[in-house]
Structures are given as C-alpha cells and as structure tokens.
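Peer 1: next come a sequence and a model predicted from it.
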Amino acid sequence: LVMSATLEAAPIARVLGDVPVISSEGRAFPVAVVYRPLPRNARIVDQVVAVAQEALHEQTGSLLVFLPGAGEIRRVAQQLQGQVPDHVIIAPLYGNLSGEAQDRAIAPAPEGTRKVVLATAIAETSLTIEGVRVVIDAGQQRRAVFDANSGMTRLVTGRVSKASAEQRKGRAGRMEPGVCYRLWSESEQFGL
C-alpha cells in the first residue's frame with residue numbers, strides 16, 4: 001500500500017506492475033495567495049512579525065507560520081509577545097518541544113481566542129490545526145546535508161521547493177477558504 005497526497009500515482013503503479021490505483025480527491029477550500037517579499041537588507045524574523053501583525057489585523061482565524069528552525073521561532077515569539085492583543089496565543093511547534101507543548105500548539109484555540117502557531121516543516125504534512133485559515137510561509141527550511149570533505153552532516157538553510165510551498169499553502173484551506181502570505185515574490189515562486 002502506497003499513500004500520498006502529492007505523489008504522481010501512474011508512474012508508481014507501472015513500476016509496481018500496473019497495480020490498481022484508488023484516488024480520493026478529498027476536499028480543499030480555495031486559498032488566496034499574497035506575496036510580501038523580504039525588503040532589501042531586512043531580516044526574515046522582522047518580516048514575519050510585520051506580516052503576522054498585518055494578517056491578525058486583516059484576516060480572521062488562527063495563523064500557521066512556517067519558519068526554518070527553532071531559533072527563528074523563538075525570536076519571532078519574543079517579538080510578537082508584547083505586540084499582539086491579549087486574546088492571541090503564541091504557540092511554538094518544533095521537534096524538540098515536549099509532547100505537551102506540541103499538543104498545545106496543535107489543539108484548537110480556546111473559544112474567543114486566536115492562535116499564532118510558529119512552526120518548522122514539522123507542520124507541513126499530515127496534521128490539521130483546527131481554526132487555521134491563514135498561512136505565513138517564510139519560504140525557508142533546514143535540511144541535513146552530508147559533507148564528504150569533513151565526513152559530517154550539517155544543517156543548511158535553503159529555499160523550500162515549489163511542492164513544499166504548495167503543501168504549506170494547503171494548510172490554510174483545510175476547514176474553510178484561507179489566505180497564504182508568501183515572503184517572496186510571485187516571479188520567484190514560478191522560478192522555484
């Protein structure tokens with residue numbers, strides 16, 4: 001059994017001996033895309049904070065913000081802490097958090113509140129955070145890369161692929177129509 005939301009099924013079916021393919025289209029709501037490229041010499045953390053404040057002011061629902069790593073998540077959380085209304089909860093979500101903290105980030109926002117979930121690529125697939133209708137995508141992620149010269153693996157920050165950007169955008173359209181803010185230009189998107 002092979003399952004995927006994004007995999008091209010026909011070539012895999014041929015490789016496996018023309019096995020039957022079962023498709024389920026599911027249900028996705030439309031997601032508007034807004035491009036907010038990083039200004040020259042600006043830091044990604046500052047742009048994320050500015051766009052999050054814009055989205056909180058202009059949109060309804062909770063926000064899911066994709067950042068490359070825990071360091072950026074902590075810096076954005078620190079900057080947002082005193083700049084959002086009291087009914088907005090800042091919720092980090094990354095692999096090294098305790099299970100309790102991850103559960104709090106994934107849980108729906110309590111009645112009368114909104115949530116800003118600050119996440120790594122951990123939230124890109126296989127989870128739906130109820131109430132999220134806005135995604136802010138910094139367009140970066142960390143990958144482990146093996147360096148043959150040193151014989152060690154290191155983390156490298158790079159651009160997300162077009163497929164990852166689309167996967168992230170789809171997190172905003174799970175329960176209702178949504179909005180995705182991309183922190184790069186439209187021309188960069190089509191060049192990914």
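Peer 2: Yep, it's here. Numbers count the residues shown, from 1 in each chain.
Peer 1: only C-alpha atoms from now on, for both contacts and neighbour counts.
Peer 2: Fine.
Peer 1: for Val45, which non-adjacent residue is closest in space?
Peer 2: Nearest residue to Val45, sequence neighbours excluded (CA to CA, 6 or more residues apart in numbering): Val76, at 5.8 Å.
Peer 1: which SSE is that neighbour in?
Peer 2: For Val76, the element it lies in under DSSP states H and E is helix 70-81.
Peer 1: touching that helix from outside, list them.
Peer 2: Val45, Asp46, Val48, Val49, Leu67, Ile90, Pro92, Tyr94, Leu118, Ala119, Thr120 (CA atoms under 8 Å, 6 or more residues apart in numbering).
Peer 1: would you mark the buried spots in it?
Peer 2: Of the residues in helix 70-81, those buried under the neighbour-count criterion (16 or more other CA atoms under 10 Å) are Ala70, Glu72, Ile73, Val76, Ala77, Leu80.
Peer 1: how many other residues sit next to the nearest residue to Gly173 once chain neighbours are set aside?
Peer 2: Excluding the flanking residues, the one nearest Gly173 by CA to CA, 6+ apart is Phe29, at 4.6 Å. Counted with other CA atoms under 10 Å, the neighbours of Phe29 add up to 15.
Peer 1: pretty sure Phe29 contacts Val179?
Peer 2: No. Between Phe29 and Val179 there is no contact under CA atoms under 8 Å: 10.3 Å.
Peer 1: show me the common contact partners of the two, please.
Peer 2: Gly173.
Peer 1: so what's Ile44 up against?
Peer 2: By CA under 8 Å, 6+ apart, the residues touching Ile44 are Leu38, Ala138.
Peer 1: so which of the contacts of helix 70-81 comes closest to Met3?
Peer 2: Set against Met3, the nearest of these by CA to CA is Thr120 (23.1 Å).
Peer 1: dump stretch 111-131 to CSV, restricted to CA.
Peer 2: Extracted in CSV, the C-alpha atoms of stretch 111-131 (Å, rounded to 0.1, in the frame of the first residue of the first chain):
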residue,chain,number,x,y,z
GLU,A,111,-13.3,30.0,22.5
GLY,A,112,-12.8,33.7,22.0
THR,A,113,-9.1,33.4,21.2
ARG,A,114,-6.9,33.2,18.1
LYS,A,115,-3.6,31.3,17.8
VAL,A,116,-0.4,32.1,16.0
VAL,A,117,1.4,28.7,15.6
LEU,A,118,5.1,29.2,14.8
ALA,A,119,6.3,26.0,13.2
THR,A,120,9.1,24.3,11.3
ALA,A,121,8.4,22.0,8.4
ILE,A,122,7.0,19.6,11.1
ALA,A,123,3.6,21.1,10.4
GLU,A,124,3.9,20.9,6.6
THR,A,125,2.2,17.5,6.2
SER,A,126,-0.2,15.1,7.9
LEU,A,127,-1.7,17.5,10.5
THR,A,128,-4.5,19.9,10.5
ILE,A,129,-4.7,22.6,13.2
GLU,A,130,-8.4,23.4,13.6
GLY,A,131,-9.2,27.1,13.1
